[in-house]
Each structure stands twice: as structure tokens, then as C-alpha cells.
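Novice: Here is the input, now give the coordinates:
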Amino acid sequence: MLAPVDSREVLRCDHCALVQFRTQNNLCRRCHLSLDNEEPEEIIAEAVVEPAKDGLRSHLQIASAIRMLRTSAGLSQRQLALRMQVPRTYVSKIENEKATPTLSSLERLAKALEVPVPELLKTSCSSREREIRELMADEFIAELAPYVSQLDAMQRSTFLTQVRDLTMHPRRSA
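Specialist: Down below sits the predicted model:
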């Protein structure tokens with residue numbers, strides 16, 4: 001017989017980084033500040049996440065898989081939260097890696113997104129591979145890729161600045 005699943009919400013305090021169950025008064029057990037800081041509905045630009053050395057990579061993959069499945073289903077964070085019967089901030093915190101979903105939360109996420117739980121765990125890897133394949137299918141990107149790895153940080157920054165400049169101020173062809 002399996003042990004009962006604890007359905008309490010686990011989250012990390014934005015201020016002191018303590019990982020804890022949600023308290024009744026929504027205050028951190030350590031620093032006594034609010035656990036419900038409002039976050040923007042959508043992320044404008046995602047930061048590139050380097051592989052973690054401490055084994056947290058799978059947590060990051062789950063977060064990106066949930067965001068990808070939610071957006072591909074055409075759901076806002078608020079709509080997903082309503083389906084899960086949780087606060088919108090909880091969905092935001094999961095997607096932004098500030099909260100780790102419990103097993104029961106993963107089950108509710110999967111049900112709300114209409115996918116099996118294993119799909120939440122494998123989607124991010126396959127979606128990342130799909131994104132890479134799509135990028136490399138572009139002839140220009142495929143030709144550029146071998147050279148980019150040979151650039152140092154300053155050269156990459158200069159190159160990126162030039163590309164941005166070209167897109168902001170395109171030259172007219174004669």
C-alpha cells in the first residue's frame with residue numbers, strides 16, 4: 001500500500017529562499033514576509049538557463065515543460081490556476097522555478113493540461129530538442145553555429161550588438 005500523498009503547497013520564499021509548506025497566514029516561517037508576491041502574468045524574455053551542477057536541472061525542465069504545455073493549450077496562468085483550483089501566483093511560481101510542485105500538484109497540473117503526468121516530465125526535453133532542430137533547419141543559423149562556439153564573451157557581445165543594430169536600422173539595398 002502506498003503512503004498518502006501530502007497535497008500541501010510547497011514554495012520558496014522570495015526573500016530568504018526558505019523552502020516550506022504554505023502557512024495559513026501566507027507569511028514565511030523564517031523572515032515573516034509575505035509568500036504571495038505578485039509576479040507578471042507573462043514573461044517577456046526568458047533567460048538562458050545553464051545546466052545546474054547540483055542536480056536541479058530536472059526542476060527547471062519541469063517548469064519549462066509546464067509553461068510550454070500551458071501556452072500551447074492557449075491557457076493563461078489564471079485559467080490554468082482555475083482548472084487546478086489554486087492561486088494564480090502558485091502557477092507563476094512553479095513556472096518561474098520559485099516553487100516545486102508536489103506529486104498531487106503534478107497530478108492536478110496534468111489533469112488541468114489534459115496530459116498524463118509522465119508527459120510533464122518528458123515534454124521539456126523533447127521540446128528543447130525540437131526547438132534546436134527547427135533552428136538548425138535554418139540555413140543561415142546552421143552555417144553560423146560552428147563559428148559562434150569559437151568566439152569569446154566580448155566577441156559574442158559585439159556580434160550580438162551588431163545583429164541587433166542591423167535589425168533596428170536595416171540598410172536599404174541599392
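Novice: Leaving out the residues flanking it, which one is nearest to residue 95?
Specialist: Spatially, and ignoring its direct neighbours in sequence, residue 95 is nearest to residue 67 (4.6 Å; C-beta to C-beta, 6 or more residues apart in numbering). Bear in mind the C-beta positions are built from the backbone N, C-alpha and C, glycine included.
Novice: Around the one you found, count how many other residues there are.
Specialist: 22 (other C-beta atoms under 10 Å).
Novice: what does the one 3 residues further on give?
Specialist: Summarising burial for residue 70: neighbours were counted as other C-beta under 10 Å, giving 19.
Novice: swap in residue 22?
Specialist: If you count neighbours by other C-beta under 10 Å, residue 22 ends up with 16.
Novice: One more: residue 169?
Specialist: 7.
Novice: again, but for residue 12
Specialist: Residue 12 has 17 neighbours, counted by other C-beta under 10 Å.
Novice: where's it relative to residue 35, distance?
Specialist: Distance of residue 12 to residue 35, given as C-beta to C-beta, to the nearest Å: 9 Å.
Novice: Same question for residue 25.
Specialist: Separation of residue 25 from residue 35 (C-beta to C-beta) stands at 9 Å.
Novice: Isn't residue 87 up against residue 80?
Specialist: No - applying C-beta atoms under 8 Å, one finds residue 87 not in contact with residue 80, separated by 11.2 Å.
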